[in-house]
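Undergrad: heads up, no residue letters with this:
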């Protein structure tokens with residue numbers, strides 16, 4: 001729902017997701033569409049369809065305000081968004097944005113010392129606990145999406161219910177060859193990488 005996924009998040013996209021959330025909290029109705037999951041929403045609107053035909057995905061994101069196309073190919077600033085819906089936007093410094101991005105990265109990477117440090121720095125900049133709680137909730141939501149996909153994929157390969165992957169499950173037969181991507185791990189060859197150590201040789205992924 002945020003368009004943000006994974007731990008290596010574009011700061012501009014993360015800031016934009018936060019700005020849209022900020023608008024929603026102030027009573028502005030915001031609806032996001034994802035081209036991969038909801039292509040019909042793009043094909044059914046003439047302006048967006050023509051934009052894609054002319055510029056491709058480089059024309060995205062496309063932002064409409066009350067039916068009027070206001071921005072394409074970039075993430076508008078909070079000041080722009082606020083002016084388009086007649087809301088006064090408080091000034092947000094680059095340091096504040098940097099600390100919020102760092103908190104999101106700390107949550108995504110499970111780095112407790114990083115979170116404690118950047119929490120303290122953010123508080124020094126005047127961010128409230130409510131501000132930081134929103135940042136943490138957003139980061140946790142972002143992290144949960146790929147985590148759930150991993151659980152679902154594990155369950156599919158093990159042929160068990162997703163809930164069973166969180167506890168000891170009855171062994172099942174290995175999935176058939178056509179159920180596993182033959183492309184190999186980490187996007188590379190399916191052949192294992194040979195590692196040479198003082199103890200001898202071992203093989204495995206990565």
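TA: Here it is on my side, so go on. Remember, predicted model here, so these are calculated numbers, not experimental data.
Undergrad: contacts and neighbour counts: CA atoms only from here.
TA: OK.
Undergrad: Quickly note the distance from residue 93 to residue 20.
TA: Relative to residue 20, residue 93 is positioned 17 Å away (CA to CA, to the nearest Å).
Undergrad: For these two, work out which one has more neighbours and name it.
TA: residue 20 (20 against 9; other CA atoms under 10 Å).
Undergrad: I'd like to know how many residues surround residue 61.
TA: For residue 61, using other CA under 10 Å, the count is 18.
Undergrad: Sorry, slip of the keys, the one I care about is residue 135.
TA: When neighbours are defined as other CA under 10 Å, residue 135 has 20 of them.
Undergrad: and the gap between it and residue 123?
TA: For residue 135, the distance to residue 123 - CA to CA - is 13 Å.
Undergrad: Please, where are all the helices along the chain?
TA: Assigned by DSSP state H, the chain shows helices spanning 11-25, 39-43, 46-55, 78-84, 94-108, 112-124, 129-158.
Undergrad: export these to JSON lines and tack on distance to residue 67 and mean pLDDT?
TA: Output for the helices of the chain, formatted as JSON lines (distance: least, CA to CA, whole Å; pLDDT from 0 to 100):
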{"stretch": "helix 11-25", "distance to residue 67": "17", "mean pLDDT": "82"}
{"stretch": "helix 39-43", "distance to residue 67": "13", "mean pLDDT": "91"}
{"stretch": "helix 46-55", "distance to residue 67": "10", "mean pLDDT": "92"}
{"stretch": "helix 78-84", "distance to residue 67": "12", "mean pLDDT": "90"}
{"stretch": "helix 94-108", "distance to residue 67": "30", "mean pLDDT": "89"}
{"stretch": "helix 112-124", "distance to residue 67": "37", "mean pLDDT": "91"}
{"stretch": "helix 129-158", "distance to residue 67": "28", "mean pLDDT": "86"}
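Undergrad: Residue 19: what's its closest spatial neighbour, skipping adjacent residues?
TA: residue 78 (5.8 Å; CA to CA, 6 or more residues apart in numbering).
Undergrad: follow-up on the earlier one: for the helices of the chain, which one ends up most surrounded?
TA: Mean neighbours per residue, mean count of other CA atoms under 10 Å, is largest over the helices of the chain for helix 94-108, with a mean of 20.
Undergrad: tilt between that helix and helix 11-25?
TA: Counting by axes from the mean of the first three to the mean of the last three CA atoms, to 10 degrees, helix 94-108 lies at 100 degrees to helix 11-25.
Undergrad: still on that earlier bit, would you reformat the helices of the chain as a markdown table and include distance to residue 68?
TA: Output for the helices of the chain, formatted as a markdown table (distance: least, CA to CA, whole Å):
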| stretch | distance to residue 68 |
| --- | --- |
| helix 11-25 | 17 |
| helix 39-43 | 15 |
| helix 46-55 | 10 |
| helix 78-84 | 10 |
| helix 94-108 | 29 |
| helix 112-124 | 36 |
| helix 129-158 | 28 |
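Undergrad: what about those helices, which gets the closest to residue 66?
TA: Closest to residue 66 of these is helix 78-84 (CA to CA; 9.5 Å).
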